[in-house]
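# Model the following, please.
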Amino acid sequence: DPLEAEPTVQLRWVAPGEELGNPDAVVVPGSKQTLRDLDALQVSTLGTQVQAYAAAGGAVFGICGGMQVLGRELHDPEGLEGASNGADSAPGLNLLPLRTVFGGNKALRQRSSQALWPLLDASRTLSIEGDLSLSVFPWLGLDIGPTQISNATGFDAPYMARMETVQVRVKLLPLLRKQLEVDTLRLTGLRLNLGKDKQGQTNWADIIAHQEKDAEEMPETDGDRDKAGEQPAGQALDRLAIGGIEVSDAQLRWDDRSTDSRYDINELSFTTGAIEPGEAFDLDLRFQVAATQPPVSGRFELGGDILLAAGLDAVTVTAATFALDLKGEGVPGGNLQAAMTTNASVDLAAQTLSLSDMKLEAAGVNIGGHVDGTAITGADPQFNGVLTIAEFAPRELLQALGQDIPGTADSAVLNKADASLTW
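Residues are numbered from 1 along each chain as shown. Next comes the predicted model:
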């Protein structure tokens, strides 16, 4: 067993009738006679101990039949799993929202699959067309091939969402120490079609309604509330580390038939370096955009070095850059290029905001300065700063923006201006 071979792990097998104790984690392994072993857990009170351990915030893993045991119900209409009391069904430990039905044939093969949960009905399916790979140790990982969610009835796009590949991997052993170490998250070929019909109904409204109904029908367990009857607070992680994020070749569309407007984001890429609070990492976001109201198309780019505070309540962006290049009838003058650099910081605990060393260039105008804010999320936020507009020619600016130049008696008027604003 890989866990037994791991020198940093002390593995202890617990048999029915023994005390579970207070381990760092509990693993319920697979079983050849799932219902018989579930009955043994419940008769010996070991099952109750596992439930209490989970309710207190303990980490519980289920493997194969062990995962089925952690579910709500297990049904064995053909008597395949050997229930000791002869019953064809039994309640699980109710730690996972699963219902298992054992069938007569068992086969292991790669296949394309469809799932209706958590969608509303058979008209909405989740289709996994490619391979699905799972790993457990040392990385708890999931690799998914081409996958898509079908669209709601009445919408033109054949699917609401599709992705070509997804890779998510979490290191298993640090989880037992309340440390979340994630490998680089990778997503390629995302296609997201969101929309609203002429009556104002979105193409995800049925999914939300179905999930809300499921939440109302889900029975509440003893671990759902603390002794005072309140929902317990989640346990904080001792450490969070993500190897990075890589999103490539993504496309998003918003199609609003109620206003006859459409917005497309194409060729979206989003990458970061390794993410860990207290350590700086680089970020790069870029995409193409096209809209019908107003008619605009163009390019956006955003970058910088990010530093997250250990408590995740403050962020600093050093050498932040933002650039856009827009064209179309909806752009003043038909064409607009702009670029901005700044250093930015937001501290939610201190309720402060700072934009320093701001430099903005757009339509031939150069603006510099800084902005500071306090009580930024309060009822009365306060901001102060200085903006300086370098000398420019108003006539040329009006012309670049496609605006009429007012007639003047002196042709030298509107040829030179600058400004400084303090507040």
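
# show me where pLDDT drops low in the stretch 201-350 of the chain?
The stretch 201-350 of the chain contains residues with pLDDT under 70 at 211, 213-236.

# ranges for the helices of it?
Taking DSSP state H, counting those that start in this stretch, the helices of the stretch 201-350 of the chain run over residues 205-217.

# Quick one: the strands in it, in order.
239-242, 245-256, 261-272, 281-292, 295-308, 314-327, 335-347 (DSSP state E, counting those that start in this stretch).

# Tell me the gap between the shortest one and the middle of its chain.
Averaged C-alpha coordinates place strand 239-242 at 15 Å from its chain's average position (Cα atoms, centre = their mean, to the nearest Å).

# helices or strands next to it in the packing?
Applying 3 or more Cβ pairs under 8 Å, 6 or more residues apart in numbering; DSSP states H and E, one finds that strand 239-242 makes contact with strand 179-182. C-beta coordinates here come from the backbone N, C-alpha and C atoms, glycine included.

# Any buried residues in the strand it packs on, and which?
181, 182 (16 or more other Cβ atoms under 10 Å).

# pLDDT of it, averaged?
Across strand 179-182, the average pLDDT comes to 91.

# Partner strands of the helix or strand following it and their direction?
Reading on from strand 179-182 to the C-terminus, the next helix or strand found by DSSP states H and E is strand 185-188. Using DSSP bridges, the strands paired with strand 185-188 are strand 165-171 (antiparallel), strand 245-256 (parallel).

# Redo the ones you listed as CSV? Include mean neighbour count.
Putting the strands paired with strand 185-188 into CSV (neighbours: other Cβ atoms under 10 Å) gives the following:
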stretch, mean neighbour count
strand 165-171, 17
strand 245-256, 17
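
# Format the strands of the stretch 201-350 of the chain as JSON lines; extra columns: distance to residue 78.
Formatted as JSON lines, the strands of the stretch 201-350 of the chain follow (distance: least, Cβ to Cβ, whole Å):
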{"stretch": "strand 239-242", "distance to residue 78": "45"}
{"stretch": "strand 245-256", "distance to residue 78": "45"}
{"stretch": "strand 261-272", "distance to residue 78": "49"}
{"stretch": "strand 281-292", "distance to residue 78": "53"}
{"stretch": "strand 295-308", "distance to residue 78": "53"}
{"stretch": "strand 314-327", "distance to residue 78": "57"}
{"stretch": "strand 335-347", "distance to residue 78": "60"}
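
# I'd say residue 166 and residue 146 touch.
No: using Cβ atoms under 8 Å as the test, residue 166 is too far from residue 146 to be in contact (10.0 Å).

# Next up, identify which helix or strand residue 160 is on.
Residue 160 belongs to strand 159-163 when elements are defined using DSSP H and E.

# Next: residue 397.
Counting by DSSP H and E, the element that carries residue 397 is helix 394-400.

# Need the CA coordinates for that helix. PDB is fine.
C-alpha atoms of helix 394-400 as PDB (Å, rounded to 0.1, in the frame of the first residue of the first chain):
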ATOM      1  CA  PRO A 394      -7.200  70.400 -27.400                       C
ATOM      2  CA  ARG A 395      -7.900  70.800 -31.100                       C
ATOM      3  CA  GLU A 396      -6.000  67.600 -31.900                       C
ATOM      4  CA  LEU A 397      -7.800  65.800 -29.000                       C
ATOM      5  CA  LEU A 398     -11.200  66.800 -30.300                       C
ATOM      6  CA  GLN A 399     -10.300  65.800 -33.800                       C
ATOM      7  CA  ALA A 400      -9.000  62.400 -32.600                       C
END
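
# Having no further points to raise, I will conclude here.
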